[in-house]
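Visitor: Pasting the sequence and the predicted coordinates here, then a few questions.
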Amino acid sequence: MKTHFHRQHKEPFIVLAGGIILVVIILFLIWRVSAVSDVLSRGMLRLGVPLLSLEQKATESAVRSNTLVSKKTLIKDNEALREENAAFRVSLLGYSIIKKENEELRSLLGRTGLYHTRILSAVLSKPPRAPYDTLIIDVGTEDGISQGDRVFAFRDVAIGTVVLADESASKVKLFSSPGEDIDVVVGDDHIAAIAHGRGGGNFELRLPRGVHSAAGDPIVFPSMGIEIAGVVEYVESDSSSSFQTVIFKSPVNMFELRFVEVQVGGGGGTRVSG
Amino acid sequence: MARVLAHSALFISLSFFPWWMTLIVALGALFLVRNFYEIVFWGIATDLLYGVPVRSFFGVNIIFTASFLAAYVGAEFLKRRLRFY
């Protein structure tokens, strides 16, 4: 009788202990053994992507059929966007001339062959779905994507790198991922600095107080081409400190990203083609 | 029935909603469902799908799993001590 009582209580305990050990082993493998983590992540991407694609397709069809907004709002928005577009076109005229001139000068100086192919991709998952600051995009190794490829939005804004590429989907880690360090060049004086990611497209960096930096200053990646990292939002300066903290933000809203471009071949400092 | 509902809610939340909403759904599920240990496996699946080592989180890529495991242990501990539960 006594033995039976003990058995009844021992079995669930053994199952529980076994379960805990199994979970701990899986967690340890995912955390410390990158090969295991990669294989399992690829498996999850294959399972998860069809589902995430559904959301993308639903959003696209809702946008196309205009079921979510009234006609009046759409007409109003359309007019405002047309006006804004016309203004941008005018300001872009100068930009495209300078850009062409820049490329011609570079080819004169022998810096040709820097052109990389870019592949357009739909964003299947974006922040704040997970606190990791990652994107899941719908292109993978079948499209020529590989680990380390840089990801851009709106042509010139570099936003992250591919950390895992599966056949038809990839995982992108944003430069703004919390704690991530990136080399940047600040303002018109081209001050080199290291920026720290703060999540959601936000960054911060510390500069000596004497260095001029103001809201609106562009911050770029040190590269041959144009790779924008962000624009200064504000500068925190304390009279007791010899440093100032610059808070800057990517011009791209990561929470509203729908498409990105992946620069095939990795590496920075390049201009784009097609 | 509550278990099936909890699984469905978690699945939808992890697939389509922000992480903080998933955390609320997870906490709710832990208190509504008896011994909801499966939540840890949802955490593992989510970390495998979205996770990358994040420097600010000590290079850890198992944030969901760790949070869900801690929430599960905490909820089970609380449930045994709450008089009205």
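Guide: Received it, and whenever you're ready, just let me know what you need. Numbering: from 1, shown residues only, chains lettered A, B, ... in the order given.

Visitor: Those residues of chain B touching chain A, which are they?
Guide: Residues of chain B lying close to chain A by Cβ under 8 Å from any Cβ of the partner chain are B:15-20, B:37, B:40, B:44-52, B:54-57, B:60-66, B:69. The C-beta positions use only the backbone N, C-alpha and C, and glycine is treated the same way.

Visitor: Would you mind listing which of these are buried?
Guide: Neighbour-count burial (16 or more other Cβ atoms under 10 Å in any protein chain shown) is assigned, among the residues of chain B next to chain A, to B:15-16, B:19, B:37, B:40, B:44-52, B:54, B:56-57, B:60-66, B:69.

Visitor: Narrow the residues you listed to those in strands?
Guide: Using DSSP state E, no member of those falls in strands.

Visitor: okay, the closest residue to A:Asp156 other than its chain neighbours: pLDDT?
Guide: Spatial nearest neighbour of A:Asp156, chain neighbours left out: A:Ile226 (4.7 Å); criterion: Cβ to Cβ, 6 or more residues apart in numbering or on different chains. Looking at A:Ile226, its pLDDT reads 78.

Visitor: Relative to A:Asp166, how far out is B:Leu49?
Guide: Noted for B:Leu49: a distance of 11 Å to A:Asp166, by Cβ to Cβ, to the nearest Å.

Visitor: so what sits against both of these two?
Guide: A:Leu45 (Cβ atoms under 8 Å, 6 or more residues apart in numbering or on different chains).

Visitor: Make sure A:Ile25 is indeed in a helix.
Guide: Yes - counting by DSSP: H, G, I helix; E, B strand; the rest coil, A:Ile25 is located in a helix.

Visitor: shaky segments in chain A?
Guide: Regions of chain A meeting the criterion pLDDT under 70 cover residues A:1-12, A:63-69, A:112-115, A:266-274.

Visitor: What residues does it have near chain B?
Guide: Residues of chain A that fall close to chain B, judged by Cβ under 8 Å from any Cβ: A:19, A:23, A:26-27, A:30-31, A:37, A:40-41, A:43-45, A:48, A:51-52, A:55, A:125, A:128-134, A:136, A:163-164, A:171, A:173, A:177-181.

Visitor: try 6 Å
Guide: Proximity of chain A to chain B, by Cβ under 6 Å from any Cβ of the partner chain, involves residues A:23, A:27, A:30-31, A:40-41, A:44, A:48, A:51, A:128, A:130-132, A:134, A:163, A:173, A:177-179.

Visitor: and the residues you listed, which are buried?
Guide: A:23, A:27, A:30-31, A:40-41, A:44, A:48, A:128, A:130-132, A:134, A:163, A:173, A:177-179.

Visitor: Out of those residues, which sit inside strands?
Guide: Using DSSP E, the subset of those located in strands is A:134, A:163, A:173.

Visitor: so who does A:Asn202 touch?
Guide: Shown in contact with A:Asn202 (Cβ atoms under 6 Å, 6 or more residues apart in numbering or on different chains): A:176, A:249.

Visitor: partner residues bridging it?
Guide: For A:Asn202, the beta-bridge partners are A:Gly199, A:Lys249 (DSSP bridges).

Visitor: For it, give its distance to chain B.
Guide: Noted for A:Asn202: a distance of 12 Å to chain B, by Cβ to the nearest Cβ, to the nearest Å.

Visitor: Next: A:Arg258.
Guide: Distance from A:Arg258 to chain B, counting by Cβ to the nearest Cβ: 15 Å.

Visitor: Of all the residues in the longest helix seen in chain B, which ones are buried?
Guide: Ordering each helix of chain B by length in residues (DSSP state H) puts helix B:63-81 first. Across helix B:63-81, burial judged by 16+ other Cβ under 10 Å covers B:63-69, B:71-72, B:75.

Visitor: From those, pick the one nearest A:Gly210.
Guide: Nearest to A:Gly210 out of these is B:Ile63 (Cβ to Cβ; 39.6 Å).

Visitor: mind listing the helices for the stretch 1-150 of chain A?
Guide: A:2-32, A:34-65, A:71-108 (DSSP state H, counting those that start in this stretch).

Visitor: Can you say which of those helices is packed in most?
Guide: helix A:34-65 (a mean of 15; mean count of other Cβ atoms under 10 Å in any protein chain shown).

Visitor: from the middle of its chain, how far away would that one be?
Guide: With Cα atoms, centre = their mean, to the nearest Å as the basis, helix A:34-65 stands 16 Å off its chain's centre.

Visitor: In terms of secondary structure, what does it contact?
Guide: Counting contacts by 3 or more Cβ pairs under 6 Å, 6 or more residues apart in numbering or on different chains; DSSP states H and E, helix A:34-65 packs against strand A:116-125, helix B:39-50.

Visitor: Now do the first one and helix A:34-65, the angle between them.
Guide: So the one you mean is strand A:116-125. 80 degrees (axes from the mean of the first three to the mean of the last three Cα atoms, to 10 degrees).

Visitor: Parallel or antiparallel, which strands does strand A:116-125 pair with?
Guide: Here strand A:116-125 is paired, per DSSP bridges, with strand A:134-137 (antiparallel), strand A:259-263 (antiparallel), strand A:272-273 (parallel).
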